[in-house]
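K.L.:
just to be clear, the model below is a prediction. Sequence and coordinates:
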Amino acid sequence: MIIRKGQKQDMPAVLELIKELAIFEKEPNAVVVTESDLVRDGFSDNPRFYTFIAEVDDEIIGMALYYYRFSTWKGRTIHLEDLIVKENSRGTGAGYALYSEIMKQGKKDNVRRIEWNVLDWNTPAIDFYNKSGAKLLEDWRVVNMDEAGINAFLAKK
């Protein structure tokens, strides 16, 4: 297995992994991002995200997508948006290898926190994160405003 930085030519496979994750998370029709979006936003002069790729025998079997955030308390942080391994490649160590690469990137960048979200029903992931030393923040809630909510909010003004 090879873990490496993602490249433009990996984006079709990355998009397929994103779609596979959407199915796993019971949101098969939620993905609207395109390959063009991924190439534009990941490989411009000011990239919005970065990826690590897990590859076996020239086949991409997993990826971790992350970006930098800023915390008013901690300064620069990494947000791990998604860590995805193809269903038929789970249990091979690919997830652990990608997770480790994110932790190494955080150490290299001297970030003070790496953060991500996990669905409350994804007990294998929760167990893994707990065993790795990560803290599940039970008293925090994830909040988001989708496109329809943004439009409705702005229409009230």
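P.N.:
Perfect, I can see it now.
K.L.:
going forward, measure contacts between C-alpha atoms and count neighbours the same way
P.N.:
Fine.
K.L.:
secondary structure element for residue 140, which one?
P.N.:
Counting by DSSP states H and E, there is no helix or strand that carries residue 140.
K.L.:
can you report phi and psi for it?
P.N.:
Dihedral pair for residue 140: phi -100, psi 150, per degrees, to the nearest 10.
K.L.:
any figure for the gap between it and residue 117?
P.N.:
Distance, residue 140 to residue 117, using C-alpha to C-alpha, to the nearest Å: 11 Å.
K.L.:
check which residues of the longest strand seen in the chain are buried.
P.N.:
Of all the segments assigned as strand in the chain under DSSP state E, the longest by residue count is strand 59-71. In terms of neighbour count (16 or more other C-alpha atoms under 10 Å), strand 59-71 has its buried residues at 60, 61, 62, 63, 64, 65, 66, 68.
K.L.:
cool, stretch 8-25 as well?
P.N.:
10, 11, 13, 14, 15, 17, 18, 19, 20, 21.
K.L.:
which elements pack onto the helix or strand following the longest strand of the chain?
P.N.:
Sequence order places strand 75-85 as the next helix or strand after strand 59-71, per DSSP H and E. Using 3 or more C-alpha pairs under 8 Å, 6 or more residues apart in numbering; DSSP states H and E as the contact criterion, the elements in contact with strand 75-85 are helix 11-24, strand 59-71, helix 94-108, strand 114-115.
K.L.:
and for strand 75-85, what's in contact with it?
P.N.:
Contact partners of strand 75-85, identified using C-alpha atoms under 8 Å, 6 or more residues apart in numbering, comprise 17-18, 21, 61-71, 94-95, 98-99, 102, 106, 111-117.
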